[in-house]
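> for reference, the sequence and a predicted model appear below.
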Amino acid sequence: MSTTKRYRSCILGTCCVPWSGTFDFEEDIFRRSVRHQIASGIHDLYIFGTAGEGYAVTDKQFDEVTRVFLEETHADGIQSMVGLISISLPTVIERIERARDMGARCFQISLPSWGVLNDAEMEVFFRETCGRFADCEFLHYNLMRTGRIITGDEYGRLAEMYPNLVATKNSTADVPRLTSLMKDAPQLQHFITEGGFPIAAMMGECGFLISYISTNFARATEFYQAGRAQNEAKLASISKDFPGLIAAFKDAVGTSAHIDGAFDKMFCRVHDPEFPLRLLPPYSGVSDTAFAHYLELLKQNHPDWLP
Ligand SMILES: N[C@@H](CC=O)C(=O)O
């Protein structure tokens, strides 16, 4: 089994989608936000994960946002990825076809979630995505919302079947789970969020899935580079701020919102005061007051995590 990674190690960032008060796509703000991330050194970007409300967009919104996203990321050295979240496999297939027609070749898939897939159903899912679109590459977004976490061992087998399964996205700091990802599916690039990245990075090459430390891209890049260099002391020294950063957004938001995008849109607004906080209905976004509280907490307790 080749252990050469099928996707580069890098920082992988989400692009949140700004909506107007009438839930129209705020194209200019979106373009500005994508450009800002690229200018800040985040060269691998995706739309329509959870923060990007991939679960909530209509087909019309999917097409509209995808077209603009692909335009903004069409540049040397930039890798764009289009996310697909749906409980309908035919919808996933149709969206891949349409985005592919617009030029997309890299996709982010997650399992349908209405009923937890059994092994045979999971085989069909990968056959109809990775198998069906052999000229495209796929990252699998592994999350409990689907009811099933794919194990390192299962990824190893899927990777043998599908050379175009290139990466995974995992939000975990669980050592056995990270060990299995790195050991049993070494050919995939595993993107890990803030909590687990320092652990995974000490095991070998991995990617960093950036979330709440996106408020300061320069420091986030230092954190990622410390992982690449397996500099344990530096990883630990940067990570010691993380509990405080998590407390800041949790304190500010309380129970008023719970979907990732509610938080991620606050991180976007830290960079652009015009970035709207609302989520597509029925989900609640964060209020202006809660955002102001979050910003105040950052200013008071973590000014070095501001842009
Ligand atoms: N919030 C991220 C996933 C992090 O685990 C996303 O929106 O895809």
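It's in. Residues are numbered from 1 along each chain as shown.

> the closest residue to the ligand within the chain: neighbouring residues, count only.
The ligand sits closest to G49 of the chain, with a gap of 2.3 Å, by CB to the nearest ligand atom. (Each C-beta comes from the backbone N, C-alpha and C, glycine too.) Other residues near G49 come to 28 when the count uses other CB atoms under 10 Å.

> assign a three-state SS to it, would you?
Recorded secondary structure, G49: coil (DSSP: H, G, I helix; E, B strand; the rest coil).

> what sits against it?
Neighbour list for G49: 14, 83, 85, 108, 141, 169, 260 [criterion: CB atoms under 8 Å, 6 or more residues apart in numbering].

> can you give me the distance of P276 to F69?
Separation of P276 from F69 (CB to CB, to the nearest Å): 17 Å.

> who has more neighbours, those two?
Using other CB under 10 Å as the criterion, P276 and F69 rank with F69 on top: 26 against 19.

> does the more buried one touch S80 like I think?
Yes: using CB atoms under 8 Å, F69 is in contact with S80, at 6.4 Å.

> how about H190, what does it touch?
167-168, 170, 178, 181-182, 200, 206-207.

> try Q189
So Q189 contacts 5-9, 166-168, 205-207 (CB under 8 Å, 6+ apart).

> which one of those is nearest S40?
G207 (16.9 Å; CB to CB).

> is the residue lying closest to the closest one once chain neighbours are set aside in a bridge, and if so with what?
The shortest distance from G207 to any non-neighbouring residue, by CB to CB, 6 or more residues apart in numbering, is to F191 (3.9 Å). Counting by DSSP bridges, F191 is bridged to K169, G207.

> correct me if wrong: F191 contacts G13.
No: between F191 and G13 there is no contact under CB under 8 Å: 10.2 Å.

> and the residue nearest to G207, how many neighbours does it have?
27.

> over to D59?
By other CB under 10 Å, neighbour count at D59 equals 11.

> OK, contacts around R132?
I93.

> now swap in S9 and tell me
189, 205-207, 228.

> go again with 6 Å.
205, 207 (CB atoms under 6 Å, 6 or more residues apart in numbering).

> looking at this, it is in a strand?
No: counting by three-state DSSP, S9 is not part of a strand but coil.

> pLDDT at it, what is it?
S9 is assigned a predicted lDDT (pLDDT) of 98.

> where's it relative to R98, distance?
For S9, the distance to R98 - CB to CB - is 30 Å.

> with E121 instead?
On the measure of CB to CB, E121 and R98 end up 24 Å apart.

> how about T66?
Counting by CB to CB - T66 and R98 are separated by 8 Å.

> among the contacts of G49, which are in helices?
D260 (DSSP state H).

> any chance of the contacts of G49 in TSV, with neighbour count and distance to the ligand too?
Output for these, formatted as TSV (neighbours: other CB atoms under 10 Å; distance: CB to the nearest ligand atom, whole Å):
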residue	neighbour count	distance to the ligand
T14	29	5
G83	28	7
I85	26	9
Q108	25	8
Y141	27	6
K169	24	6
D260	20	4
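
> make a markdown table out of the contacts of G49 and add pLDDT.
A markdown table is the format used below for those (pLDDT from 0 to 100):
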| residue | pLDDT |
| --- | --- |
| T14 | 98 |
| G83 | 98 |
| I85 | 98 |
| Q108 | 98 |
| Y141 | 98 |
| K169 | 98 |
| D260 | 90 |
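
> now distance to P307 too, for the contacts of G49, in CSV please.
As requested, these are arranged in CSV below (distance: CB to CB, whole Å):
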residue, distance to P307
T14, 17
G83, 25
I85, 29
Q108, 26
Y141, 27
K169, 25
D260, 21
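
> check the contacts of G49 and tell me the two furthest apart.
Longest span within the contacts of G49, CB to CB: Q108 and D260, 13.9 Å.
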